Each structure stands twice: as structure tokens, then as C-alpha cells.
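Undergrad: sequence and computational prediction follow.
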Amino acid sequence: MWRALYTAQCYLIFSNDNCIFRSPYHSFGNGFKMIQLLRLGTPSALNLNPKADNRSTQPFKFVRNVADNKFVNPGFTTASWSSRVVEFGFDRKRWLMSGQMLAMALPSKVASSAMVSSVADLYEFICRGPLLEKTGSNLQEVADTIDRWIECGIQLCRLLGLNELLLTEAQKVRVYHYYVPVYLWCERELLQHRAKFKDDAEEIPPLVFGVSAPQGSGKTTLVYALDYLFNRTGRKAASISIDDFYLTAADQANLSGEYAGNNLLELRGNAGSHDLAFGTDTLKNLCSLTKEGTKAKIPRYDKSAYNGRGDRAEPSTWPEIEGPLEVILLEGWMLGFKPLSSEVVKAVDPQLEAVNRNLESYYDAWEMFIGSWIIIKVDDTQWVYEWRLQAEIAMREDGKPGMSDEEVADFVSRYMPAYKAYLPVLYSDGPRGSKPEHTLVVEVDENRNPLG
């Protein structure tokens with residue numbers, strides 16, 4: 001069954017059974033089937049058979065393998081090229097094929113926006129991505145799986161409300177230089193995890209990804225995208241934040257009283273303000289969802305309760321997920337922080353010493369569940385303040401209650417000592433128990449875009 005999509009100036013035609021060049025039209029020289037296209041919403045036919053009276057084209061003048069830029073005879077058969085990115089064409093038009101995909105690009109006169117005008121353009125754009133090598137890809141791998149990249153990109157555009165017909169440069173970077181390569185890295189991690197078990201194993205525990213990133217750096221959106229892509233591809237995933245493990249309002253009030261005068265523990269956020277046992281039980285329950293019919297609820301925290309001081313949401317409002325789970329995405333701003341010597345933390349802020357003691361229990365409670373890590377690295381923690389300020393300004397402009405600039409400064413200041421003390425060690429040594437081969441570090445700039 002064919003399905004077509006018009007993207008910018010590019011027609012993309014997908015075949016579920018890889019039959020684009022199947023007999024009786026075995027090679028370019030022998031002609032092609034009649035292919036139905038969707039052109040601006042109006043079905044129309046384009047006949048690619050050079051022998052037909054109503055053919056839409058002239059015979060092909062060249063064929064070029066995009067991966068190595070080698071030109072070949074237009075009459076070659078496609079049997080050995082089913083996984084290659086191939087460009088072939090005539091005059092001003094260009095066609096590209098990669099296994100299950102065919103694309104036609106027409107000349108574009110729009111110069112103000114960066115558009116996916118052809119698969120060749122997209123291939124070259126992807127290959128310039130700063131995360132390509134870091135996520136385990138290379139030029140040939142991208143060429144072999146270009147249809148997979150485009151499929152993921154289209155799904156993400158729909159999820160994020162982007163116009164897939166006309167992507168800006170920033171949108172292309174976010175999708176094809178960031179979210180898609182990170183997702184494909186996660187896919188490979190999942191395959192390695194599941195390969196550890198026998199083929200006939202009835203119960204394979206889900207792989208837990210730990211996603212650690214400063215507030216405002218885009219970790220929640222990244223996890224949202226990864227969760228969506230996993231579920232869209234039939235790999236059931238669940239996502240949860242360490243924020244969902246915060247103490248209840250009553251317990252937080254008790255903690256604040258116990259550490260009276262310590263601004264770092266007055267409100268939720270730092271180590272000590274989480275219910276570790278509750279988080280452990282939740283992760284155990286999710287990891288046990290290995291069979292059909294098994295169910296568990298995912299707790300949620302209501303940050304708007306008690307005038308913004310927050311409280312655990314009512315269990316009746318928690319979403320329920322059914323097994324078997326393959327992926328759990330656990331994200332948090334301080335995930336992976338390791339306790340340091342008392343002298344080091346006191347030099348940063350004397351109030352941090354209590355937080356440092358609380359941090360000792362976090363590995364055994366949560367982080368021991370994590371098999372693969374994604375660390376989002378920032379060069380300047382001052383960006384956290386700027387990102388939070390941007391979010392609050394946007395809320396106020398939308399007529400929603402938001403913190404004043406002074407309140408934002410006070411809020412972020414309670415996290416800064418922990419960032420100053422723990423982030424350098426996280427970036428240099430990684431989280432406790434992590435393995436370098438299963439850890440992906442993504443450095444982002446002030447605009448939250450990945451760097452090389």
C-alpha cells in the first residue's frame with residue numbers, strides 16, 4: 001500500500017513492502033509503475049514509464065549514490081541498492097530512493113526559510129549534525145536509514161505542532177540535529193539491553209533511562225519526544241520526573257521546621273525534599289510491568305497547590321499504564337549528583353552541607369535502577385535564571401499567574417549552590433554506577449540547541 005506526503009517542495013512516497021522497483025519493472029531502463037501522488041491535497045497521477053505515451057518525464061540522464069557521490073549506469077538493477085540513498089534524474093528535476101522511499105524535488109524559489117527541499121538536502125543536513133558521531137551514527141548509516149530519520153522527523157513535527165511543510169532552520173536543528181539522533185541512540189541502547197536476555201524469555205524488565213539536566217534546559221520536552229516516539233513505534237514507554245516524588249505538603253512543612261533557617265530546604269527542590277521510599281516503590285512497580293495485563297499508576301505532583309508551594313496530587317488523578325513496558329524515562333534536575341566532602345560543599349555554601357548528607361541515600365533509592373544515561377550539559381548555569389525568567393514572562397503575557405522577576409531570582413538562587421558544587425563532577429566523572437558506553441552527554445547552548 002502506498003502513502004504519499006507533500007513536504008515543502010518535496011514529494012515523499014513510502015512503500016510498506018519495499019516494492020518500489022519490484023518486477024516487472026525491475027530496473028530504471030525498463031520503466032516504472034504508475035504512482036499516485038498527493039499534490040497540494042489534490043490526487044494526481046505521475047507516469048514514470050519512459051515507454052508510455054503519456055509519460056511525465058524524459059529518460060533518466062544520471063544516477064548518483066548520495067553517500068559516496070559516485071555516478072552509475074542508469075540501467076542498473078536495484079537488487080543491491082535497496083538500502084542505499086540514490087539520486088537519479090533529468091534536466092531540472094531530481095529523484096531519490098532509499099530502500100522504501102522515493103522522492104521528487106522541484107526547484108524552490110523560497111530563500112527566506114530553510115526547507116527540506118529534497119532527501120539529498122536533508123541527508124546532507126543530518127550529516128552536519130553535531131551529535132551524529134556521538135550517538136553512534138555515521139554517513140553510511142544515515143544513508144541506509146534515511147527513511148527512518150524522516151519518519152521520526154514527521155512524527156515529531158506533528159507532536160510539537162510544527163509545520164512539516166515548511167521548517168525553519170531552528171526547527172530543523174531541533175528535530176534532526178537533536179531529538180531524532182538522541183532517540184535513535186536510545187533505540188540502540190534498548191536493543192542492547194534486550195539482547196542480554198534469551199529469545200524465549202517471557203519477562204524482560206524495561207530499560208530505565210536517566211535524563212539529567214538543569215531546569216529550563218529542555219529535558220522535559222526531550223523526554224516528551226522520546227516517550228512519544230517509543231510508543232509510536234510499538235515500544236511501550238512510561239515517563240516520570242523526580243519532581244513526582246516530592247514530599248507531601250505536610251511532610252515538606254516538617255522538613256522546613258527541622259532545618260529552620262536553611263533556605264535550601266525551606267521549599268521543595270534540593271536533596272532531602274523527596275520521599276525516597278515512595279520513589280523506590282514506584283520504580284519497582286513500573287519495572288515489574290513485564291507481562292500483558294499488569295498495571296501500575298504513575299504518581300504526579302501538583303506544583304500549583306497551596307499557592308505554589310505544591311503537594312502530591314490525588315491518586316485518583318494519576319495516569320495508569322499497562323504492561324509490558326520496554327522503556328522507563330526518569331528525568332530530574334539533580335539526577336546523578338554525587339555527595340562530596342564536607343569541606344568542598346561548605347566552601348560553596350554552608351547550608352549545602354545538610355543537602356549533601358541527604359544526597360547519600362539517592363543512589364540506592366533510585367539511580368541503581370538506571371541502565372543508560374542522558375546528560376544535558378550547560379556551560380553557564382546563569383542560563384537557568386534566564387530560562388526561568390523567559391517562562392514566567394510568557395505566562396504573565398498569556399494572562400496566567402507567574403512569578404515576578406524578584407521571585408524568579410529568589411527561586412533559582414535556592415538551586416544555584418547545588419549546581420555549583422555538583423555539576424562539574426557530574427560532567428567530568430558521570431553519575432555513580434554509570435558506564436561511559438551507556439552514557440550520552442549532550443552539550444547545549446543558550447538557545448537549547450546541541451553543540452559539537
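TA: Perfect, thanks for sending it. Numbering: from 1, shown residues only.

Undergrad: would you map the strands across the stretch 251-400 of the chain?
TA: According to DSSP state E, counting those that start in this stretch, the stretch 251-400 of the chain carries its strands in the segments 295-297, 301-302, 311-312, 320-322, 327-332, 372-378.

Undergrad: reformat those strands as a markdown table; add mean neighbour count.
TA: In short, each C-beta sits where N, CA and C put it, glycine included. Shown next, in a markdown table, are these (neighbours: other Cβ atoms under 10 Å):
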| stretch | mean neighbour count |
| --- | --- |
| strand 295-297 | 15 |
| strand 301-302 | 16 |
| strand 311-312 | 20 |
| strand 320-322 | 14 |
| strand 327-332 | 24 |
| strand 372-378 | 22 |
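
Undergrad: closest to residue 389 out of those?
TA: strand 372-378 (15.5 Å; Cβ to Cβ).

Undergrad: just checking, what packs against the closest one?
TA: Counting contacts by 3 or more Cβ pairs under 8 Å, 6 or more residues apart in numbering; DSSP states H and E, strand 372-378 packs against helix 180-195, strand 207-212, helix 219-232, helix 416-429, strand 439-444.

Undergrad: any idea how far that strand is from the middle of the chain?
TA: Between the centre of strand 372-378 and the centre of its chain there are 12 Å (Cα atoms, centre = their mean, to the nearest Å).

Undergrad: now the angle from that strand to helix 416-429?
TA: If you take axes from the mean of the first three to the mean of the last three Cα atoms, to 10 degrees, strand 372-378 sits at 120 degrees to helix 416-429.

Undergrad: just put the strands of the stretch 251-400 of the chain in TSV and tack on distance to residue 406.
TA: Listed next are the strands of the stretch 251-400 of the chain as TSV, based on distance: least, Cβ to Cβ, whole Å:
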stretch	distance to residue 406
strand 295-297	38
strand 301-302	25
strand 311-312	25
strand 320-322	40
strand 327-332	27
strand 372-378	24
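
Undergrad: tell me what the spatially closest residue to residue 243 that is not a sequence neighbour is bridged to.
TA: Leaving out its chain neighbours, the residue that sits closest to residue 243 by Cβ to Cβ, 6 or more residues apart in numbering is residue 301, at 5.3 Å. Judged by DSSP bridges, the bridge partners of residue 301 are residue 312.

Undergrad: what residues are up against residue 301?
TA: 241, 243-246, 310-313 (Cβ atoms under 8 Å, 6 or more residues apart in numbering).

Undergrad: which one of the strands of the stretch 251-400 of the chain lies closest to residue 190?
TA: Of the strands of the stretch 251-400 of the chain, nearest to residue 190 by Cβ to Cβ is strand 327-332, at 6.4 Å.

Undergrad: just checking: what are the partner strands of the closest one?
TA: The strands beside strand 327-332 in its sheet (DSSP bridges) come out as strand 207-212 (parallel), strand 237-241 (parallel).

Undergrad: for that strand, what is the average pLDDT?
TA: Strand 327-332 comes out with an average pLDDT of 98.

Undergrad: name the surrounding residues that touch that strand.
TA: The contact list for strand 327-332 (Cβ under 8 Å, 6+ apart) reads 186, 190, 206-213, 219-220, 223, 226-227, 230, 235-243, 283, 286-287, 366, 369-370.

Undergrad: between helix 180-195 and it, find me the angle.
TA: Put simply, strand 327-332 runs at 120 degrees to helix 180-195, going by the same axes, to 10 degrees.

Undergrad: by how many degrees do strand 327-332 and helix 219-232 diverge?
TA: Strand 327-332 runs at 180 degrees relative to helix 219-232, counting by the same axes, to 10 degrees.
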